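[1] 3D model of this:
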Amino acid sequence: MAAKNIRVVQILLVEDDPVVVQLLQERLNTVAIPTHLHAVRSVEVALGVLRYAGQATQAPRPDVIFLDQDLPEMDWLYLLDEIANDPRLKDIPVVTFNGTESQIDHLVAVGLVAACLTTSLDRAQVMTVLEKLLRRP
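    Okay, the predicted model is just below:
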């Protein structure tokens, strides 16, 4: 019997707190979708990864980006703007977390993000968002 070609979903996590990185990895380990988490600690590093994504020496192009809204350095809104204005990146769904309710409502309404999660990165939320974003017509 031939082995199935199982597609692994590439996730870029932009998060400076190693505890949150570990928490998301644990959540992803429990979902039914095979994933690979590539975590970076800053917007600047994320931009570098995204600009060279898919090239032989760099990380693969992410299928989804998880973005912390509470980063200490470069503004996370700058990263959203760069993604939205780059034709090679604008089709990558962005999921934010740690935002206020008004930020969340605004970001979803204007289409800058695909979804927003609570700080807890609830397993059910993560699974629901991934299934929704990765559903292919």
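[2] how much space between Lys132 and Asp75?
    Lys132 sits at a distance of 27 Å from Asp75 (criterion: C-beta to C-beta, to the nearest Å). Where C-beta positions appear, they are placed from N, C-alpha and C, glycine not excepted.
[3] need the next SSE after the least confident helix or strand in the chain by mean pLDDT, C-terminal direction.
    The helix or strand of the chain with the lowest confidence, counting by mean pLDDT, DSSP states H and E, is helix 101-109 at a mean of 65. Sequence-wise, the next helix or strand downstream of helix 101-109 (DSSP states H and E) is strand 115-117.
[4] can you list the buried residues in that next one?
    Under the neighbour-count criterion of 16 or more other C-beta atoms under 10 Å, strand 115-117 has 115-117 buried.
[5] go ahead and flag the most central residue of this protein.
    Ile65 (1.8 Å; C-alpha atoms, centre = their mean).
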